[in-house]
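S.K.: Below is the structure, and that's it, no one-letter string:
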């Protein structure tokens, strides 16, 4: 499906939801504690150059997730506010377009559906970084789906492209996604945050509330666990190099 058609339909659906009784009640409540929201639609308020600071945007997304346990409209607002991030995620996953999704529009539909699924399961929780956490969860689920689909179809040596064509395809994210589900939650969060989402060490420290030295130790331990699963020949080479 055409990407423009999908995003246009989502915007039109939100306009109707925003004007509903539940939508108006939600916006009135949010505006009562955030004067900067007055006169702005929720997507406008959550936009990068909107009236809210980045901290206020994080707080607003976190509140929408909490309220989602009793107000489904809050989850719809959360997804609409994250739509630019979901579309950015689709661009990052472009390497899967030939195997799983027929078009970017189809991928957006799956991304939105997955975001709703994750948000519904998390509704009522307090997550200070609800937006980034949700986008990371969606990214991992879609990558797992793509990897599983490719594995189901099998791969032949004839299908492997020339090395020059591998640029942007064999990514750290793809390899990490395949293994990260076997790691503990804290280790997975550090590795995904650092390697997939591009968080700085300081941003990870703030998000997780742990000392920087501990964040480094978690990352080092996680990397060691991943490397231990590499090919035996590679492991032998690494050990040889360590003794030189």
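M.R.: Thanks, I have it. Not measured: the values here are computed from a predicted model.

S.K.: use CA for all of it now, contacts and neighbours both
M.R.: Noted.

S.K.: Spatially, which residue comes closest to residue 114, not counting chain neighbours?
M.R.: In this structure, residue 114 finds its nearest non-sequential neighbour in residue 138, 6.1 Å apart by CA to CA, 6 or more residues apart in numbering.

S.K.: Just the local confidence number for the one you found, please.
M.R.: What the model reports as pLDDT for residue 138 is 90.

S.K.: Report the secondary structure element holding it.
M.R.: helix 130-153 (DSSP states H and E).

S.K.: What is that helix packed up against?
M.R.: Applying 3 or more CA pairs under 8 Å, 6 or more residues apart in numbering; DSSP states H and E, one finds that helix 130-153 contacts helix 54-67, helix 83-92, helix 104-122, helix 172-180.

S.K.: Looking at the ones you listed, which is nearest to residue 18?
M.R.: With CA to CA as the criterion, residue 18 lies closest to helix 54-67 of the helices and strands packed on helix 130-153, at 13.9 Å.

S.K.: Next, the angle from that closest one to helix 104-122.
M.R.: The directions of helix 54-67 and helix 104-122 differ by 70 degrees, with axes from the mean of the first three to the mean of the last three CA atoms, to 10 degrees as the criterion.

S.K.: Tell me which residues are up against helix 54-67.
M.R.: Contacting residues not belonging to helix 54-67 are listed as 45-46, 48, 74-75, 77-78, 81, 119, 122-131 [CA atoms under 8 Å, 6 or more residues apart in numbering].

S.K.: Flag every buried residue along it.
M.R.: Neighbour-count burial for helix 54-67, with 16 or more other CA atoms under 10 Å as criterion, is recorded at 57-67.

S.K.: Format those residues as a markdown table; extra columns: distance to residue 10 and pLDDT.
M.R.: Listed next are these as a markdown table, based on distance: CA to CA, whole Å; pLDDT from 0 to 100:
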| residue | distance to residue 10 | pLDDT |
| --- | --- | --- |
| 57 | 21 | 90 |
| 58 | 22 | 91 |
| 59 | 23 | 93 |
| 60 | 20 | 93 |
| 61 | 18 | 93 |
| 62 | 21 | 94 |
| 63 | 22 | 94 |
| 64 | 18 | 95 |
| 65 | 19 | 95 |
| 66 | 22 | 95 |
| 67 | 21 | 94 |
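
S.K.: Fine by me, thanks again.
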